[in-house]
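> what shape does this take:
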Amino acid sequence: MTTQSPPPSTRPSILIVEDDAHLRVGLRDNLQDEGYDVAATSNAREAEALLNGRTFDLLILDVMLPGEDGYSLCRRLRAAGVQSMVMMLTARTLEDDIVRGFEAGAQDYLTKPYRLRELLLRVRALVRRAGTPPPQVMAFAGFSLDLGKRTLARGDGGTIELTRTEFDLLAYLVRNRDRALTRQEILDTVWGQDVVVDPRTVDNFVSNLKKKLGWTSTSGFTIHTIRGVGYRMVIDAMTKP
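Next up is the predicted model:
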């Protein structure tokens, strides 16, 4: 009996090369939550082994790697004909360091500590330049939020009906999980800056969302109320895909 290999993923692919385990795992999980096909490793040697077997749309390289640094790795990959987009991550902020990254063949350079929202926006831009459409599905806590079809599906395949505003609000909360969002930020993004809405309207919509999602204390996510500020969505790491 012949076993067929599974078809290759059609999702944009990203390789993270970062020696800090905490940063590597956190970045991997966040990118996977955004719908990317992500591999991660801690050094240049392991990265090359992965690149020998497949191609990636984007490489995220830490500069200060054990053994060979990110600059040298990027130069060698370019010399070998690797065409993947490259983003450099580093704590170095001097202009010469940034120029060195671009001269090595990187398309973008982001300094640590970076803001997650900014990194995700830059990743989307680089993936788009690579010619692979950014992912349209965000998975969280057993749910699947399809941004293209504007549908919300449960793990059992059933769908949950959301209004346009409820959908946009949920997408914004999921995309900015773990970040404290003020009511005004939410209103400006979801309702629009030109729309006059009572900030407490956000509270009603969050309450309705939790009901439609069937939230309980055992759910794989929580939308925390931050007194005097707004909301923060937290997704249980055990429920992440």
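
> can you tell me the SS state at the residue nearest to the spatial centre of the chain?
Geometric centre of the chain, nearest residue: Leu31, 3.2 Å, by C-alpha atoms, centre = their mean. Three-state call for Leu31 (DSSP: H, G, I helix; E, B strand; the rest coil): helix.

> low-confidence stretches in the chain?
Scanning the chain with the threshold set as pLDDT under 70 gives 1-10, 134, 193-194, 237-241.

> go again with 80.
Scanning the chain for pLDDT under 80 picks out 1-10, 53, 79-81, 92-95, 132-136, 148, 192-196, 237-241.

> mind giving me the domain ranges of it?
Residue ranges for the domains of the chain, per automatic domain parsing: 13-129, 137-239.

> picking up where we left off before, which non-adjacent residue is nearest the residue nearest to the centre of the chain?
The spatial neighbour of Leu31 that comes closest, neighbours along the chain excluded (C-beta to C-beta, 6 or more residues apart in numbering), is Val38 at 4.8 Å. For the C-beta atoms, the positions are set from N, CA and C on the backbone; glycine is no exception.

> circling back: please work out which of the domains of the chain is packed deepest.
domain 13-129 (a mean of 17; mean count of other C-beta atoms under 10 Å).

> what is the end-to-end distance of that domain?
Start-to-end span of domain 13-129 (C-alpha to C-alpha, to the nearest Å) is 13 Å.

> how far out from the middle of the chain is it?
From the chain centre to the centre of domain 13-129 is a distance of 14 Å (C-alpha atoms, centre = their mean, to the nearest Å).

> that older thread, tell me the secondary structure at the residue nearest to Leu31.
Per three-state DSSP, Val38 ends up strand.

> ok, it to Val196 distance?
Spatial separation of Val38 from Val196 under the definition C-beta to C-beta, to the nearest Å is 41 Å.

> how about Glu68?
In terms of C-beta to C-beta, Glu68 sits 56 Å off from Val196.

> one more: Met138?
Distance of Met138 to Val196, given as C-beta to C-beta: 30 Å.

> one more: Cys74?
Distance, Cys74 to Val196, by C-beta to C-beta: 49 Å.

> please apply the same query to Gly35.
34 Å.

> helices along this structure, start to end?
21-33, 44-53, 70-79, 95-104, 116-129, 164-175, 183-186, 201-212 (DSSP state H).

> reformat the ones you listed as a markdown table; add distance to Ile223.
Below are the helices of the chain laid out as a markdown table (distance: least, C-beta to C-beta, whole Å):
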| stretch | distance to Ile223 |
| --- | --- |
| helix 21-33 | 16 |
| helix 44-53 | 37 |
| helix 70-79 | 37 |
| helix 95-104 | 38 |
| helix 116-129 | 18 |
| helix 164-175 | 7 |
| helix 183-186 | 11 |
| helix 201-212 | 6 |
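
> how about the contacts made by the residue nearest to Thr222 when sequence neighbours are not counted?
Among residues not flanking Thr222 along the chain, Val234 sits closest, at 5.0 Å (C-beta to C-beta, 6+ apart). With contact set as C-beta atoms under 8 Å, 6 or more residues apart in numbering, Val234 has these partners: Arg177, Asp178, Phe221, Thr222, His224.

> pick the one among those residues closest to Phe143.
Phe221 (8.3 Å; C-beta to C-beta).

> pretty sure Met233 contacts Arg177?
Yes. Look at Met233 against Arg177 with C-beta atoms under 8 Å: they come within range, at 4.7 Å.
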